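Colleague: sequence and predicted structure below; questions after.
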Amino acid sequence: MRRLTLALPAIFTATVVCALPAFAQTPAPAKPASAASAPTLLSVKDVMRHIINPAAETYWAHSGEVDDEKGANDRVPTAQADWNINIATAAQIAEAGNLLLMDGRARDPNGPWRTYALALNAAGVAGMAAAAAHNHDKTNDAGSAMYDACFQCHGRYIPRPKDSLYRHDIDKDLKAAGKPQK
Ligand code: HEC
């Protein structure tokens with residue numbers, strides 16, 4: 001008991017002493033942004049068109065396998081320059097997951113929207129790691145996970161007419177698109 005009462009002030013002193021210099025380096029909190037200086041938020045559609053879709057298409061062009069007249073054509077990189085393309089596009093996908101979660105863009109911030117946006121983020125992070133490690137199979141897995149996130153979110157959030165003949169068949173879609181199948 002005695003030991004405890006003696007030890008406590010020592011801990012407190014240590015904490016305060018350690019915390020102070022770190023605190024002193026913390027920049028002053030930014031002033032709240034006025035409406036006039038608020039950044040412009042692109043629409044979800046523009047984020048899809050100009051950020052997510054080009055990044056994903058480029059990643060997919062450097063992963064998976066397509067059959068052509070010469071037979072099966074494995075597109076996973078072998079050259080460092082191509083691995084670098086995968087790292088960069090996977091990074092764009094990872095951060096795009098966060099862009100989709102921003103206030104004003106997230107359609108349903110606590111529902112499946114969040115799940116799909118986080119899945120996109122995780123797939124991008126996995127793609128970066130796979131490319132950094134030159135891992136063939138994980139490069140394809142990450143491409144497939146990206147595709148699933150797109151597909152699932154679109155299935156839920158892009159309205160289709162009630163009598164639409166469209167049905168989800170992810171294996172068929174992956175095959176048709178020449179993307180790695182699950
Ligand atoms: C969290 C949900 C979500 C994820 C994940 C998502 N999308 Fe989208 N996407 C949408 C929504 C919602 C729209 C419809 C936007 C609109 O028309 O306002 C859309 C529209 C699009 C469009 C059409 C844009 C246009 O010009 O009309 C493309 C292309 C697209 N997405 C590509 C992708 C790709 C590729 C991925 C995955 C790599 C992806 N999206 C992942 C929600 C998502």
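Modeller: It's in. The shown structure was predicted, so the numbers you read here are calculated from the model rather than taken from an experiment.
Colleague: check which helix or strand covers the nearest residue to residue 58 once chain neighbours are set aside.
Modeller: Once flanking residues are discounted, residue 58 sits nearest to residue 89: 4.7 Å by CB to CB, 6 or more residues apart in numbering. Quick note: C-beta positions are derived from backbone N, CA and C, even for glycine. With elements taken from DSSP states H and E, the one containing residue 89 is helix 80-99.
Colleague: equivalent analysis for residue 151, please.
Modeller: Using DSSP H and E, residue 151 falls in helix 136-157.
Colleague: helices or strands next to that helix in the packing?
Modeller: helix 53-61, helix 80-99, helix 112-132, helix 170-176 (3 or more CB pairs under 8 Å, 6 or more residues apart in numbering; DSSP states H and E).
Colleague: the third one vs helix 136-157, what angle?
Modeller: So the one you mean is helix 112-132. 160 degrees (axes from the mean of the first three to the mean of the last three CA atoms, to 10 degrees).
Colleague: who touches helix 112-132?
Modeller: Outside helix 112-132, the residues that touch it by CB atoms under 8 Å, 6 or more residues apart in numbering are 52, 59, 77, 83-84, 86-87, 89-98, 100-101, 106-108, 135, 138-139, 141-143, 145-146, 148-150, 152-153, 156-157.
Colleague: does it reach the ligand?
Modeller: Yes: contact of helix 112-132 with the ligand (CB under 6 Å from any ligand atom) involves 113, 116, 117, 120.
Colleague: next structured bit after the worst-scoring helix or strand of the chain on mean pLDDT?
Modeller: Ranking every helix and strand in the chain by mean pLDDT, DSSP states H and E puts helix 2-25 at the bottom, with a mean of 41. Reading on from helix 2-25 to the C-terminus, the next helix or strand found by DSSP H and E is helix 44-47.
Colleague: what angle separates the helix holding residue 151 from helix 80-99?
Modeller: Interaxial angle of helix 136-157 relative to helix 80-99 (the same axes, to 10 degrees): 30 degrees.
Colleague: just the buried residues of helix 136-157, please?
Modeller: 138-150, 152-153 (16 or more other CB atoms under 10 Å).
Colleague: swap in stretch 122-131?
Modeller: For stretch 122-131, by 16+ other CB under 10 Å, it's 122, 123, 124, 125, 126, 127, 128, 130, 131.
Colleague: any idea how far the fourth one lies from the ligand?
Modeller: Here the distance between residue 125 and the ligand works out to 14 Å (CB to the nearest ligand atom, to the nearest Å).
Colleague: show me where the protein dips below the pLDDT cut-off.
Modeller: For the chain, applying pLDDT under 70 flags the ranges 1-35, 165-182.
Colleague: what does this protein have sitting close to the ligand?
Modeller: Residues of the chain lying near the ligand (CB under 6 Å from any ligand atom): 44-45, 48-49, 52-53, 56, 100, 113, 116-117, 120, 146, 149-150, 153-154, 157-158.
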